[in-house]
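Visitor: here is a sequence with its predicted model. Questions after.
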Amino acid sequence: AGVTDQMIDTESSASGNVLSWGGTPQGQRFSPLNKINTANVSKLTPAWAFSFGGEKQRGQESQPVIYNGRMFITGSYSRLYALDAATGKKLWKYEHRLPEGIMPCCDVVNRGAALYDDLVIFATLDAQLVALKQDTGELAWKTKIDDYAAGYSATAAPIIANGLLLTGVSGGEFGVVGRVEARDPKTGKLVWTRPTVEGHMGYMWDKDGTKKENGVSGTTNQTWPGDLWKTGGAATWLGGTYDPKTGLAYFGTGNPAPWNSHLRKGDNLFSCSTVAIDVKTGKIVWHYQGTPNDSWDFDGANEFITFDQDGKRLGAKADRNGFFYVLDATTGKLQNAFPFVKKITWASGVDLKTGRPNFVPENRPGDPTGSADGKKGSEVFAAPGFLGGKNQMPMAYSPQTHLFYVPSNEWGMEIWNEPVAYKKGAAYLGAGFTIKPLNEDYIGALRAVDPKTGKIVWEVKDNAPLWGGVLTTGGNLVFWGTPEGYLKAADAKTGKVVWQFQTGSGVVAPPVTWQQNGEQYVAVASGWGGAVPLWGGEVAKRVNFLEQGGTMWVFKLPKN
Ligand SMILES: O=C(O)c1cc(C(=O)O)c2c(n1)C(=O)C(=O)c1cc(C(=O)O)[nH]c1-2
């Protein structure tokens with residue numbers, strides 16, 4: 001029996017399976033499993049470990065999916081492994097052949113695969129989708145998302161929504177056009193495509209393959225000057241979430257291209273936004289923009305997680321720009337917005353009536369035109385730095401504690417603008433930057449955030465920037481990894497760290513938990529990488545005592 005829609009939507013790990021990135025497409029990363037709990041977690045021990053092998057030991061950001069005693073985990077460099085989930089025995093592996101000249105901006109990462117029926121499906125760094133038979137690893141279908149030579153890549157885990165395979169694209173640093181696409185998961189055939197830059201047309205295909213217009217996303221030239229919308233970025237690079245209750249898929253969109261805002265006056269929709277898409281039609285039902293006319297690479301790609309509060313279906317996002325947003329999941333209306341990091345200099349707050357930030361104009365990098373060094377006068381100090389109050393590492397929500405667990409970072413940057421012109425396949429930034437730590441003793445902090453009050457209920461600080469996702473469980477536990485190589489567990493109510501294990505390399509992936517043969521397991525991939533070592537400058541050195549890695553770690557309680 002294969003994986004069905006119904007199973008994917010309703011099962012978190014209670015059934016023993018992890019069927020989607022995020023646990024369920026809703027993305028709460030909450031498992032009701034409680035055999036491992038605050039009382040016994042100190043006994044948690046390795047059950048097995050598996051090396052991804054070779055020289056490709058870096059950037060393991062992947063979340064495994066687990067079905068019927070089998071684990072499917074992607075490694076960096078577009079690899080996928082099928083493992084026996086109880087023993088770690090390798091069943092098969094698939095290594096996608098990558099061409100020379102791929103252009104992922106932020107390391108050779110992949111964040112995971114989707115399961116549907118008898119298939120396991122993942123996206124590759126050369127912007128293709130690959131579907132394999134779960135049993136054998138045999139290729140079922142393969143299709144191109146877009147042209148890697150134009151700067152397109154793909155790093156996100158696809159999700160299944162209402163029987164469709166939903167994917168985004170990466171390439172915001174190269175002036176690609178962001179979009180969300182729906183395919184038939186059995187064949188890879190396109191069902192609809194929805195660009196996330198205002199002015200671009202969407203399309204639908206009927207059963208016979210006839211292409212139909214599906215409307216323009218926004219109004220051409222309304223919020224972009226001239227032709228800039230044609231290469232507008234807003235990449236949907238972190239993928240999305242889906243809530244069967246609202247029928248909407250939620251995708252975060254990245255920075256507008258290029259980075260410098262003096263060239264592109266206007267809000268530059270739908271960059272740095274959450275877009276809610278009706279999965280039946282591929283239309284944008286609502287959008288909420290956290291950073292209009294972004295000038296700091298405050299990419300709004302982060303995950304939007306729906307939850308219930310006071311009888312209402314809401315959704316929350318911890319944005320790279322440092323604000324935590326709570327919206328009505330059906331209408332997109334702003335309910336609450338508050339900082340989840342201590343230092344935000346680009347805006348003094350968010351106007352809850354208009355939903356717009358109150359900008360601090362002097363902290364926006366300016367126009368460098370005519371300056372002798374090409375940047376003079378445009379340089380400012382801004383916080384958060386462009387790597388964000390939170391980046392790719394997904395947060396978790398516990399319906400038991402009603403708290404979000406947010407892997408956050410405190411840092412700032414010097415940022416300046418530079419002249420830039422679009423050239424296909426070339427970096428399209430028009431800005432330079434240096435990330436700066438703000439505190440001697442910490443950059444990272446795992447924070448328990450109350451979405452109702454905006455209060456930080458507890459935090460666990462980390463010397464280095466946190467880059468791994470979070471899991472919370474019915475055992476009153478929160479699990480997360482650190483760049484120093486630890487997988488940690490804390491009491492979900494108090495933040496007291498109750499267990500930790502050294503995995504041998506920095507952890508930049510989200511943990512999962514599942515149950516089989518009556519035993520509960522916890523797993524995380526270990527292997528330092530992602531954007532921090534590439535772009536973090538001096539802050540990356542805070543973790544230079546650790547080496548690269550590529551290992552899947554699995555833990556359980558001893559039998560007696
Ligand atoms: O605009 C984009 O297309 C895009 C893509 C990606 C990516 O695909 O990993 C990242 C970013 N932007 C980005 O801004 C960023 O900070 C980032 C960090 C990481 C990572 O995996 O550590 N990826 C990306």
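Guide: That came in fine, so what should we check first?

Visitor: helices along the stretch 451-560 of the chain, start to end?
Guide: 531-535 (DSSP state H, counting those that start in this stretch).

Visitor: which residue ranges of it form strands?
Guide: 456-462, 470-473, 477-481, 486-491, 497-502, 512-516, 519-526, 551-556 (DSSP state E, counting those that start in this stretch).

Visitor: and the third one, how far out from the chain's middle?
Guide: Looking back up the chat, that one is strand 477-481. Mean C-alpha position of strand 477-481 versus that of the full chain (Cα atoms, centre = their mean, to the nearest Å) differs by 17 Å.

Visitor: that strand: partners in the sheet, and parallel or antiparallel?
Guide: strand 470-473 (antiparallel), strand 486-491 (antiparallel) (DSSP bridges).

Visitor: excluding its backbone neighbours, what's nearest whichever residue of the stretch 1-150 of the chain sits closest to the ligand?
Guide: Nearest residue of the stretch 1-150 of the chain to the ligand (Cβ to the nearest ligand atom) works out as C106 at 3.3 Å. (Glycine included, C-beta is placed from N, CA and C.) Sequence neighbours aside, A531 is the residue nearest to C106 in space, at 4.0 Å (criterion: Cβ to Cβ, 6 or more residues apart in numbering).

Visitor: help me confirm that that neighbour comes into contact with G388.
Guide: No - using Cβ atoms under 8 Å, A531 makes no contact with G388, being 9.3 Å away.

Visitor: compare these two (neighbour count), which wins?
Guide: Neighbour totals were compared for A531 and G388, and G388 leads with 27 against 21 (other Cβ atoms under 10 Å).

Visitor: not counting its neighbours along the chain, what's nearest the more buried one?
Guide: Closest to G388 by Cβ to Cβ, 6+ apart is R320, at 3.1 Å.

Visitor: what's the answer for S371, then?
Guide: G377 (5.7 Å).

Visitor: and that neighbour, how many neighbours does it have?
Guide: When neighbours are defined as other Cβ under 10 Å, G377 has 15 of them.

Visitor: got a list of what the closest residue to T10 other than its chain neighbours touches?
Guide: Distance criterion Cβ to Cβ, 6+ apart; nearest residue to T10, sequence neighbours excluded, is T24 at 7.3 Å. The contact partners of T24, taken as Cβ atoms under 8 Å, 6 or more residues apart in numbering, are I8, D9, T10, E11, S12.

Visitor: am I right that the second one is in a helix?
Guide: The one in question is D9. Yes - the assignment for D9 is a helix, going by DSSP: H, G, I helix; E, B strand; the rest coil.

Visitor: any idea of the pLDDT on the residue nearest to it when sequence neighbours are not counted?
Guide: Closest residue in space to D9, ignoring its immediate chain neighbours: P244 at 4.6 Å, by Cβ to Cβ, 6+ apart. Per-residue confidence (pLDDT) for P244: 96.

Visitor: surely the residue of the stretch 1-150 of the chain closest to the ligand is in contact with P533?
Guide: No - the criterion here is Cβ under 8 Å, and C106 misses it with P533 at 10.0 Å.

Visitor: so what's the residue count around the closest residue to P158 other than its chain neighbours?
Guide: Nearest residue to P158, sequence neighbours excluded (Cβ to Cβ, 6+ apart): A114, at 4.2 Å. A114: 28 surrounding residues under other Cβ under 10 Å.

Visitor: again with V497
Guide: 14.

Visitor: same question, N517
Guide: For N517, the count of nearby residues is 8 (other Cβ under 10 Å).

Visitor: try the one 5 residues further on
Guide: Other residues within reach of V522 by the criterion other Cβ under 10 Å amount to 27.

Visitor: and the gap between it and S408?
Guide: 23 Å (Cβ to Cβ, to the nearest Å).

Visitor: re the thing from before, please identify the helix or strand for the residue nearest to S371.
Guide: For G377, there is no host helix or strand (DSSP states H and E).

Visitor: who are the contact partners of the residue of the chain found nearest the ligand?
Guide: Nearest residue of the chain to the ligand (Cβ to the nearest ligand atom) works out as G172 at 2.3 Å. G172 makes contact with C105, G178, G233, A234, A235, W237, G254, N255, A257, D299, according to Cβ under 8 Å, 6+ apart.

Visitor: low-scoring stretches of the stretch 451-560 of the chain, by residue?
Guide: Low-confidence regions of the stretch 451-560 of the chain, defined here as pLDDT under 70, cover residues 544-545, 560.
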